[in-house]
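Q: build me a structure from this.
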Amino acid sequence: MALTLERDGVFRASVYDKTDWYIVDPSVEGGIDVAREAFFQRVGATNRGEWDRVARATVFLVVALLVGGGVAYLSNLIPGIDIWRGLIYVGAALLGLLLGGLATIPVFPLPEINATDGGAVLPIPEHIAEWAEDNLTASELWNLVKLQRRLGEVRRLANHLLEDWDFEHRGERPDNVIGSLVLPVLYEEFEERRQEFRRVSAELGFTPRPEDVRDILGVE
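A: Alright, predicted model coming up:
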């Protein structure tokens, strides 16, 4: 079982040269096709074109050869290091490769883009894409993906608060407004979202991963 067909706002796309499954909110304002086209326009700049790859490879090779070859050449001018010659050559080659790779970063940077900006298009987690079948409706798939994402958002927020507090106060549990007001609300919201995610998963015959339904860090 796995997704194989693109249809009804379920499609494959490459973002930062990594291809994954994505899904459009079936109820998105303006229609699925408009949201999908806007998504492709937004993420298009994250993928390197053929000429970009060639240019990066050229810069990499030039820098690697200049640095590696230069260090190796200079080592030949230093007397009394014949016993270390092989090791120096290896080090020169590694240094050339390292600096060659680093040189491509500032020369050909990729823009930082949030592929899910606006929330109308979401990536389908790999484990869900591997479980889902093509006869699963787009609405059912969207609901499952969104519920898992919403559950993770609350967990990450609560864990972030607790981890920051532990770092600043050496593990003591917060007893101020964070502990008395914020965290209880997050815990309650988390539990509501977890129960909803479990209910929908059971209806669809999907088994959530243990890490997706585990407790929030610090919940007793």
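
Q: mind checking which helix or strand of the protein has the lowest mean pLDDT?
A: Lowest mean confidence among the helices and strands of the chain (mean pLDDT, DSSP states H and E): helix 177, at a mean of 56.

Q: check which element follows that helix along the chain.
A: The helix or strand immediately downstream of helix 177 is helix 183-204, counting by DSSP states H and E.

Q: tell me the helices and strands packed up against that following helix.
A: Judged by 3 or more CB pairs under 8 Å, 6 or more residues apart in numbering; DSSP states H and E, helix 183-204 is in contact with helix 138-169. (Glycine included, C-beta is placed from N, CA and C.)

Q: where exactly do the helices run in this protein?
A: When secondary structure is read from DSSP state H, the chain shows helices at 32-43, 50-76, 85-107, 126-131, 138-169, 177, 183-204.

Q: those helices: which one's closest to residue 212?
A: helix 138-169 (6.0 Å; CB to CB).

Q: list the buried residues for the closest one?
A: Burial within helix 138-169, assessed by neighbour count using 16 or more other CB atoms under 10 Å, is assigned to 138, 140-152, 154-155, 158, 161-162, 165.

Q: how far off helix 32-43 does it point, in degrees?
A: Orientation check (axes from the mean of the first three to the mean of the last three CA atoms, to 10 degrees): helix 138-169 against helix 32-43 gives 40 degrees.

Q: what helices and strands are in contact with helix 138-169?
A: By 3+ CB pairs under 8 Å, 6+ apart, helix 138-169 packs against strand 18-24, strand 121-123, helix 126-131, helix 183-204.

Q: could you dump those to TSV with mean neighbour count and distance to residue 72?
A: Below are those laid out as TSV (neighbours: other CB atoms under 10 Å; distance: least, CB to CB, whole Å):
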stretch	mean neighbour count	distance to residue 72
strand 18-24	19	36
strand 121-123	20	46
helix 126-131	16	44
helix 183-204	16	58
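
Q: need these in a markdown table (columns: mean pLDDT and distance to residue 97).
A: Below are the helices and strands packed on helix 138-169 laid out as a markdown table (pLDDT from 0 to 100; distance: least, CB to CB, whole Å):
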| stretch | mean pLDDT | distance to residue 97 |
| --- | --- | --- |
| strand 18-24 | 93 | 23 |
| strand 121-123 | 94 | 33 |
| helix 126-131 | 95 | 31 |
| helix 183-204 | 93 | 46 |
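
Q: with distance to residue 42 as extra columns, can I get the ones you listed in CSV?
A: Putting the helices and strands packed on helix 138-169 into CSV (distance: least, CB to CB, whole Å) gives the following:
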stretch, distance to residue 42
strand 18-24, 12
strand 121-123, 9
helix 126-131, 21
helix 183-204, 27
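
Q: cool, thanks, signing off.
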